[in-house]
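[1] Below are the sequence and a predicted model for it; my questions follow.
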Amino acid sequence: MLNSSQKIWMDGRFVDWDEASVHVLTHSLHYGLAAFEGIRCYQGQMGSAIFRLKEHVDRFFDSAHITMMRIPYSKKEVSDAIIETVKVNQLESCYIRPIAYIGYGEMGLYPGDNPIRLAIAAWHWGTYLGEEALANGIRAKVSSFTRHHVNVSMTRAKVSGYYVNSILAKWEAKKSGYEESILLDPDGYVAEGTGENVFIVRNGILKTTPLTSILDGITRSSVMHLAREKKIPVLEERFTRDDMYIADEIFLTGTAAEITPVRELDDRQIGDGKPGPITKTLQKTFFRTVKGEEPSYANWLTPIG
């Protein structure tokens, strides 16, 4: 169950958590077109601060633009509303979910002049796959479902309906006794997890899927930057499922998942069967960064005043 907060920002005003409702004939509920973001606020040396707020808001607006939704607020107004939502709910650390959706009006695939609505919620949510997963890694499987083709779903947009694919893959993994699923792209190369980007390490080189048919993850880009600063070679290139089997290390990245190691894939042990040295180094640096303990990355943090 969600750890409910007190207030949700809806179309310019705060409403009580339990009163934050929409009409059952809301267009996005029926056809799946809504743009959203997942953002985290961490408590650290600067007090509470939102990690890479600008980049998240930029991607939020990009998703809306790609899908022809015009958000009726400026980026600054949305950023300010996100900060205020954390403040109003008196949250020291939290997960933040802005969502832009097509409201009630016309029914049918063409939404016409239906209003674009905006809501922002924030609540306490620990790491997505659990603290045990962060420390010791997870078991994953390659899904029977294929990730999106770039001319079927516009993969640069973070759109609610695209995640039906992820839900099916996640169900499949969980019902088979695994914690997570890895999806291949339409050409058979590794794409993403159900809600995470994928990294592998082999012979000291860090590899991640290029931006072909995947979401441009903000944690992904952060990890790549941190790795290069530590002189870890980073490559963006395609790799196969059997490249993953013989990797020394695998980890997943995402706002919700943070940096989660994979200790086993398709019943094959990865490396030593525990988080490897590069994974642990990047985990440590990432968590120091989000908690304000790395001064050179202070610009990635937006303090909650």
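    Thanks, I have it. Numbers count the residues shown, from 1 in each chain.
[2] pull the CA atoms of stretch 282-293 into PDB?
    Coordinates of the C-alpha atoms in stretch 282-293 are reproduced here as PDB (Å, rounded to 0.1, in the frame of the first residue of the first chain):
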ATOM      1  CA  LEU A 282      29.000   3.600  -8.200                       C
ATOM      2  CA  GLN A 283      26.300   2.800  -5.600                       C
ATOM      3  CA  LYS A 284      28.400   4.500  -2.900                       C
ATOM      4  CA  THR A 285      29.200   7.500  -5.000                       C
ATOM      5  CA  PHE A 286      25.500   7.900  -6.200                       C
ATOM      6  CA  PHE A 287      24.100   7.800  -2.700                       C
ATOM      7  CA  ARG A 288      26.800  10.300  -1.500                       C
ATOM      8  CA  THR A 289      25.800  12.500  -4.400                       C
ATOM      9  CA  VAL A 290      22.000  12.500  -3.800                       C
ATOM     10  CA  LYS A 291      22.600  13.200  -0.100                       C
ATOM     11  CA  GLY A 292      24.800  16.200  -0.800                       C
ATOM     12  CA  GLU A 293      28.100  14.700   0.300                       C
END
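[3] For that stretch, could you pull out the residues that count as buried?
    Within stretch 282-293, the residues that qualify as buried by neighbour count (16 or more other Cβ atoms under 10 Å) are 282-283, 285-287, 289-292. In this view, the C-beta of every residue, glycine as well, is placed from N, C-alpha and C.
[4] Mark which of the residues you listed are part of helices, please.
    Using DSSP state H to define helices, the subset of the buried residues of stretch 282-293 located there is 282-283, 285-287, 289-290.
[5] Redo these as CSV? Include pLDDT and distance to Pro111.
    Shown next, in CSV, are those (pLDDT from 0 to 100; distance: Cβ to Cβ, whole Å):
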residue, pLDDT, distance to Pro111
Leu282, 98, 42
Gln283, 97, 43
Thr285, 97, 44
Phe286, 98, 39
Phe287, 97, 42
Thr289, 97, 40
Val290, 97, 37
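[6] Max pairwise distance over those residues: which two?
    The widest separation within those, taken as Cβ to Cβ, falls between Leu282 and Val290 and amounts to 12.4 Å.
[7] Can you add distance to Gly254 and give the buried residues of stretch 282-293 back as JSON lines?
    JSON lines is the format used below for the buried residues of stretch 282-293 (distance: Cβ to Cβ, whole Å):
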{"residue": "Leu282", "distance to Gly254": "14"}
{"residue": "Gln283", "distance to Gly254": "14"}
{"residue": "Thr285", "distance to Gly254": "17"}
{"residue": "Phe286", "distance to Gly254": "12"}
{"residue": "Phe287", "distance to Gly254": "15"}
{"residue": "Thr289", "distance to Gly254": "16"}
{"residue": "Val290", "distance to Gly254": "13"}
{"residue": "Lys291", "distance to Gly254": "18"}
{"residue": "Gly292", "distance to Gly254": "21"}
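[8] Please identify which of these is nearest to Asn114.
    Proximity of the buried residues of stretch 282-293 to Asn114 (Cβ to Cβ) peaks at Val290, which lies at 37.4 Å.
[9] Go through the buried residues of stretch 282-293 and name the one nearest Tyr104.
    Val290 (38.0 Å).
[10] these two touch, right, the closest one and Gly44?
    Yes: Val290 is in contact with Gly44 according to Cβ atoms under 8 Å; the separation is 6.9 Å.
[11] anything in contact with each of these two?
    Shared contacts of Val290 and Gly44 (Cβ atoms under 8 Å, 6 or more residues apart in numbering): Leu301.
[12] Among the buried residues of stretch 282-293, which pair sits farthest apart?
    Maximum pairwise distance in the buried residues of stretch 282-293, criterion Cβ to Cβ, is 17.6 Å, between Leu282 and Gly292.
[13] Ramachandran angles for the residue nearest to Ala20 when sequence neighbours are not counted?
    Across the structure, with Cβ to Cβ, 6 or more residues apart in numbering as the measure, the residue nearest Ala20 apart from its sequence neighbours is Ile8 (4.0 Å). Dihedral angles of Ile8 (phi, psi; degrees, to the nearest 10) stand at phi -130, psi 130.
[14] Thought Phe14 was touching Ile8, still the case?
    Yes: shown here, Ile8 and Phe14 form a contact pair, counting by Cβ under 8 Å, at 7.0 Å.
[15] Between those two, which is the more surrounded one?
    Ile8 (24 against 17; other Cβ atoms under 10 Å).
[16] so where do the helices sit in the stretch 1-150 of the chain?
    With helices called from DSSP state H, counting those that start in this stretch, the stretch 1-150 of the chain shows them at 27-31, 53-66, 75-88, 131-136.
[17] All set now, cheers.
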